[in-house]
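# For reference, the sequence and a predicted model appear below.
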There are 2 protein chains.
Amino acid sequence: MNIAILGFGTVGTGVYDIIKKGNTTHTQNLTVSHIFVRETRTKDLPEMTANIDDILLNDDVDVVVEVMGGIEPAHDYILKALQNGKHVVSANKAVIAKYMDEFVKTAQDNNVDFYFESSVAGGIPWIKNLERSLRIDNVSSISGIFNGTSNFILDQMKKTGQPFADILKEAQDLGYAEADPSADIDGYDIENKLCISFNLAYNTSIKPSAELPCFGIRNITDQDINYFNELGLIVKLMGKSRRAQNEFDYVIEPTLYNPSQVESSINDNFNYASLNGDTIGELGFMGQGAGKFPTANAVVQDILDIVDQTPRVIPAEKSTLKLNTNLSLTDYLVRTSADLSQYVNSSQIKAVNNIYSLVESMPAGKMHQAMAQLLKEDNQAFMVNIAANDKERVL
Amino acid sequence: MNIAILGFGTVGTGVYDIIKKGNTTHTQNLTVSHIFVRETRTKDLPEMTANIDDILLNDDVDVVVEVMGGIEPAHDYILKALQNGKHVVSANKAVIAKYMDEFVKTAQDNNVDFYFESSVAGGIPWIKNLERSLRIDNVSSISGIFNGTSNFILDQMKKTGQPFADILKEAQDLGYAEADPSADIDGYDIENKLCISFNLAYNTSIKPSAELPCFGIRNITDQDINYFNELGLIVKLMGKSRRAQNEFDYVIEPTLYNPSQVESSINDNFNYASLNGDTIGELGFMGQGAGKFPTANAVVQDILDIVDQTPRVIPAEKSTLKLNTNLSLTDYLVRTSADLSQYVNSSQIKAVNNIYSLVESMPAGKMHQAMAQLLKEDNQAFMVNIAANDKERVL
């Protein structure tokens, strides 16, 4: 099985290393025949080329591993590889969230496979197990910690009591966070992962968009963390969805958990993803959501599934499930110096203390719209979702 | 695909229900053609028979699902089914732990599959994901909460502060614990599950035996739980193994976790199993370890893998890894009214308070032997493993 790797950054190098090491009989049967890099790097390894046609037009290449990132030319290369009868494995969540249907259809039309385990939750076999669950069950909810950087920041703030800015700096120094940390701390990194997960789970075609409720942790303070500690609660940045009849919701937001919930003890930069199915009940997966070898492991798992010709779970027709961001009523703790009653019906507001208010029975979509307005007046405002059975800790 | 179910108790009924309901295109292609029951029940359903040869000698039966439990005749029926060219799916941990090698070899000799996902951790896809991990990695450790009943008891004791006996009674009333609770509370239920997991992970052939260190929760008191609470630690009954060079260890024992560890928040009767692999790092799975539909779901997943002809990860040769129960040095908290220094070298003992002592740097095998001796003098004694970095909480 000849494999071409497009892009030779962290994940590409990891895939190359795992295959070169050939630790098991399975990985020993794999060969990296080509590595697509920039012109300046082509001398580094004999497999390297800067000419994409050496790969896409080469009949000896069986699998194309796309780990370049970005939308174009990744989108173009994936399509051409599939059209030329090559299986494709991609770790590129942005291009998959945007073009998933096109890739899946092109793969089917050309009798090849399109795999993307590593695009969501890194090394965690989330996509595989979600697809396997769907062989038997309808999935009624999905929830998870899908961003390791924000989880590291929240966990470190809790452990050290230090301010957000200091911990963000530490995360940047450790290479966990980018120089521009926005995608991680504002929740947008999670958006692609949720679209991919929900489209599989519900057989829909939602795409990342500004309409989807997404509130990050940019405004969280050490005082917030301290207050949550006093309540005996732990805050996590979650991606969540629940299905009810013919609708499902979607939200990315900070959420409080009590210590008896698994989410509360997912520490450092780990990820956690869980689903609820008709017969399996709650099923959760914990592991490394990023990093060279865990992510490369997920890529190689996909390659081995291609070798094994493992059948996929891809239904022919899309479901009629509709996205409704106001499907579920939940409760929020809000910290703002502004007058909250300008943005939320006062009958739903309960003052908790001088700093925090509880907003009750709010649909996520409406709450996020209210916060977007409120942030224009108070750009330091923060909100966090709180479960009904933890409300008594607040009041 | 014609399926015969041997045994029509909780799990057998669940398998039947999932297939009859046919919720997905995958399950719709399955048919339960036979159900093997006692003579007195054969009139309940048209598929029922009390004559095992109707199944084992029937060329129309493709898959035999063995959910009878017990060693014989389950062992005999599984072997005959495999010899007659039928795939076998079993949920019966006792017979698998004892005869795993024989079943695997007989299946290979007859070109059929032998699957047993549901035998360990119920609905959690632990076996599948462990096998998949082994396609790429060596597994260097395994650890888990493999018994839901004992986890329910420990969790309820923590939540309510009530004594062991009261909570055990509650678990029995709920149907979580048997009238004779020994297998669950003394840890022996976990033994079969560990042997199956470790033999897969390390490619060995260990079998349940009295030589394997196994200490349960029969002697835990509400005062113990209260003391652990004061320490900020949570006790779980764990099955654990670590591999080092050409050896691996094995232990079943109560173990203390701090709130930042996932194990601490696995509540109710949930199970949790985790592994550590070369490239994947730590990978954990949380879900229902028992119950009608979760366990039946795992059985049906196996059947669907047979339908899909998913290749297995079963190496031809056994590894040379050796079991060494004294491989790792760890620390224990011990509660006893006896003189601990009669059983453990006094230089390793530190008095913690009037009730508990810390035993430091003890290999599990030796510690369990010492406790077995000590229990003859003080049959209420209790011990719990404590991690090195939690010791400062005690001293």
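Sure thing, it's come through.

# near chain B, which residues of the stretch 1-150 of chain A show up?
Contact residues, the stretch 1-150 of chain A versus chain B (CB under 8 Å from any CB of the partner chain): A:14, A:18, A:23-27, A:123-125, A:128-129, A:132, A:134-138. C-beta here means a position set from N, CA and C on the backbone, and glycine is covered the same way.

# let's go with 6 Å and repeat that
Proximity of the stretch 1-150 of chain A to chain B, by CB under 6 Å from any CB of the partner chain, involves residues A:18, A:26-27, A:123, A:125, A:129, A:135-136.

# Can you say which of those are buried?
A:18, A:26-27, A:123, A:125, A:129, A:135-136 (16 or more other CB atoms under 10 Å in any protein chain shown).

# separation between residue A:232 and residue B:125?
33 Å (CB to CB, to the nearest Å).

# Could you list the buried residues of the one helix or strand residue A:293 maps to?
Per DSSP states H and E, residue A:293 falls inside helix A:292-308. Neighbour counts over helix A:292-308 (16+ other CB under 10 Å) mark A:292-308 as buried.

# Kindly report the same for stretch A:18-27.
Residues of stretch A:18-27 classed as buried by neighbour count (16+ other CB under 10 Å): A:18-19, A:23-24, A:26-27.

# likewise stretch A:40-49?
By neighbour count on 16+ other CB under 10 Å, the buried set for stretch A:40-49 is A:42, A:47-49.

# Closest to residue B:288 out of those?
residue A:47 (46.0 Å; CB to CB).

# In contact with the closest one, which residues?
A:32, A:34-35 (CB atoms under 6 Å, 6 or more residues apart in numbering or on different chains).

# Check it and give its pLDDT.
Model confidence at residue A:47, given as pLDDT, is 97.

# If we ignore the residues flanking it in sequence, what's nearest it?
Nearest residue to residue A:47, sequence neighbours excluded (CB to CB, 6 or more residues apart in numbering or on different chains): residue A:35, at 4.7 Å.

# what's the stretch of helix or strand that neighbour belongs to packed up against?
Element membership of residue A:35 [criterion: DSSP H and E] is strand A:31-36. Using 3 or more CB pairs under 6 Å, 6 or more residues apart in numbering or on different chains; DSSP states H and E, the elements in contact with strand A:31-36 are strand A:2-6.

# what's the spacing between the strand it packs on and its chain's center?
Here strand A:2-6 is found 25 Å from its chain centre; the criterion is CA atoms, centre = their mean, to the nearest Å.

# residue in the stretch 101-250 of chain A nearest to chain B?
Residue of the stretch 101-250 of chain A nearest chain B, by CB to the nearest CB: residue A:135 (4.3 Å).

# didn't that residue look like it was pressed against residue B:302?
No - using CB atoms under 6 Å, residue A:135 is not in contact with residue B:302; the gap is 11.3 Å.

# related to what we said a few turns ago, okay, and which of the buried residues of stretch A:40-49 map to strands?
Using DSSP state E, A:48-49 are the members of those that sit in strands.

# Output the buried residues of stretch A:40-49 as JSON lines; include the columns distance to residue B:113.
JSON lines is the format used below for these (distance: CB to CB, whole Å):
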{"residue": "A:42", "distance to residue B:113": "46"}
{"residue": "A:47", "distance to residue B:113": "37"}
{"residue": "A:48", "distance to residue B:113": "42"}
{"residue": "A:49", "distance to residue B:113": "42"}
